[in-house]
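> missing the sequence, but the structure's below:
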């Protein structure tokens, strides 16, 4: 690349010495660059000369290549001209071939036309209607433009006129024979002539006639049963089942006929017509059911009772409503099962069409057909009647179960309310699920959840905890402590049974939720996605109530701890420290593994827990032991802070804590180490030789100990050692 040369300048214009010197420096720099470029070119002279020699040697080869290229061009030009000539000949042959094929097709159509004229007339005279319809179908498939140029009176024109006459005659015969067969309910001939309508060009009319026949067929079979539903002993469930089965069977039999002879996607018309007839009969049947069973007046009555308004009429007995609820559930189940069949039939018919077919309907359109029918609306009315009746049945049955609650047998540790109430809840939830109606099921799930967290939980809570300070004083006044540490737990029977009921209720509620989730997944597997999502949401929100009952268990255990456990354990803890822990070595040699006070404490605590064991469930027994452990640790720590220790006493206290921990670990599956952690750490402090040794376990050196004691509490514990000076303890930097 060439460097830019120095700028041209007019020397006569330079008058300033500095400007002249600057321009001179620029010229010298440009000269230096030019010299450098020349030197670089001279150093590459040999390479340039070699490249020039190689270019000179290529010149003869380029001349030969030019000659070959010219020859190839001339050859390609001649070949192109030849190909163009052949292509024009091929186009002429194709044109001649197409004209020949058109001529042959026209000749064949003329021959077929003559055959159709003769065959259709002969078949019609001999009552061979299928053959006549086939000839007419062939005639209708002809291109009428081929015979448009035929002169009047020619063979082609006469054939067309004759076939048109035969066509009308065949139409009249097919329509007449179909109507006669439909009036006589001759199903074989109805099917026979139904197949001929599309062959004679009456596809839409054939579908409409067949739809009318199907409706008349259903009406003939089921009208009498529906009219007879006014009788007192009518089984409405069986009547609706038979009606829907008849419609479904009729539709199933019609489906292959329509799909085969009229093409896929044409079942919507017959289905809609059948559904209108089904709506007419089912609406009358279900309206008669509501009237005959006096459902609406019962719903109005229970609604007023549920609202808490003053009602002069007595509340209906829940047992009387049970049969009505069973009938309502079965009626809705039959209807929803029928609509599942309709959805599958519609989906199969629609899916057989191409994606862009104008007759193809979306899932939403198919669902709209179902939701706009009379039977679906009537089922929604039944659902609106079912829900308040089922809610009333649920609440009255639960209340009755709570009113008759007892221990059966008398030695049972739970009462009958849990089994009875959850049996009723399971019955109502499964009955609402059996309706196959997502709205009914979700509504009852909400009512069940409200019942469990509301009235049912309130009854348990009132039995577990004292409702006032007077009740608590009464319970504590009836409490008795025996010399062995046993307690009169019979005075607390209601509380203990209530805690067991709460624990069982937590287990039963989890089982009910799991069962409902598994069963509803199967029952509503074919339902719409939005219905399944609604059910999943309701299951998660309404039946997730086990935490409420677990809180009641914790509340009951806390009440047992404060009323039953704490008074005797406080007395036993005070006895442990009736004397100071300033023992001599001879004293602890005479002791067993624990001091006499701690041995009495362990024995009394064990006796108290034995007194509670027959009254508590296994799960609550472990919870009671855990509560007793926490209570014992608190009371022992409180009493310990009022005592005094020496070095040997601190060692004995460590042995006492280990003995208590070992005893409790042997009677429960839960870990007690965490609940006795503060007592264990106090034992470590009281067992130190010097107060300053705490620094070996504190701060950066506390990697193996998570201290539960604050620095102030540590100083207070160390101050219990009679051999530690107060100044030394206070100087500790914790």
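Right, received. Where do you want to start? Because the structure is predicted, anything quoted here is derived from the model rather than measured. Numbering: from 1, shown residues only.
> Mind jotting down where the helices sit in the stretch 551-700 of the chain?
566-576, 585-590, 596-612, 618-640, 647-667, 677-686 (DSSP state H, counting those that start in this stretch).
> in the stretch 401-550 of the chain, which spans are helices?
416-434, 438-451, 457-464, 469-477, 493-523, 529-542, 546-560.
> could the helices of the stretch 551-700 of the chain go into TSV alongside mean pLDDT?
Formatted as TSV, these follow (pLDDT from 0 to 100):
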stretch	mean pLDDT
helix 566-576	91
helix 585-590	84
helix 596-612	90
helix 618-640	92
helix 647-667	91
helix 677-686	92
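> Could you dump those helices into a markdown table and include mean neighbour count and distance to residue 292?
In short, each C-beta sits where N, CA and C put it, glycine included. Converted to a markdown table, the helices of the stretch 551-700 of the chain look like this (neighbours: other C-beta atoms under 10 Å; distance: least, C-beta to C-beta, whole Å):
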| stretch | mean neighbour count | distance to residue 292 |
| --- | --- | --- |
| helix 566-576 | 20 | 64 |
| helix 585-590 | 10 | 90 |
| helix 596-612 | 20 | 58 |
| helix 618-640 | 20 | 51 |
| helix 647-667 | 19 | 65 |
| helix 677-686 | 21 | 72 |
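> Residue 556 is nearest to which of those helices?
Of all these, it is helix 618-640 that lies closest to residue 556, at 8.0 Å by C-beta to C-beta.
> and the closest one, what does it pack onto?
Contact partners of helix 618-640 among helices and strands, from 3 or more C-beta pairs under 8 Å, 6 or more residues apart in numbering; DSSP states H and E: helix 493-523, helix 546-560, helix 566-576, helix 596-612, helix 647-667, helix 677-686.
> In TSV: those, plus distance to residue 61.
Below are these laid out as TSV (distance: least, C-beta to C-beta, whole Å):
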stretch	distance to residue 61
helix 493-523	84
helix 546-560	96
helix 566-576	116
helix 596-612	114
helix 647-667	104
helix 677-686	100
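> For residue 185, which of the ones you listed is the nearest?
If you check each of those against residue 185 by C-beta to C-beta, helix 493-523 wins as the nearest, at 38.9 Å.
> Could you point out the longest helix of this structure?
helix 45-125 (DSSP state H).
> Quick one: distance of it to the chain centre.
64 Å (C-alpha atoms, centre = their mean, to the nearest Å).
> nearest residue to residue 526 other than its sequence neighbours?
Nearest residue to residue 526, sequence neighbours excluded (C-beta to C-beta, 6 or more residues apart in numbering): residue 340, at 5.3 Å.
> Doesn't that neighbour lie inside a helix?
Yes - counting by DSSP: H, G, I helix; E, B strand; the rest coil, residue 340 is located in a helix.
> Tell me which of the helices of the stretch 401-550 of the chain sits most buried.
helix 438-451 (a mean of 22; mean count of other C-beta atoms under 10 Å).
> Run the angle between it and helix 493-523 for me.
Inter-element angle recorded for helix 438-451 and helix 493-523: 170 degrees (by axes from the mean of the first three to the mean of the last three C-alpha atoms, to 10 degrees).
> Run the angle between helix 438-451 and helix 529-542 for me.
10 degrees.
> name the helices or strands packed onto helix 438-451?
By 3+ C-beta pairs under 8 Å, 6+ apart, helix 438-451 packs against helix 374-403, helix 416-434, helix 529-542.
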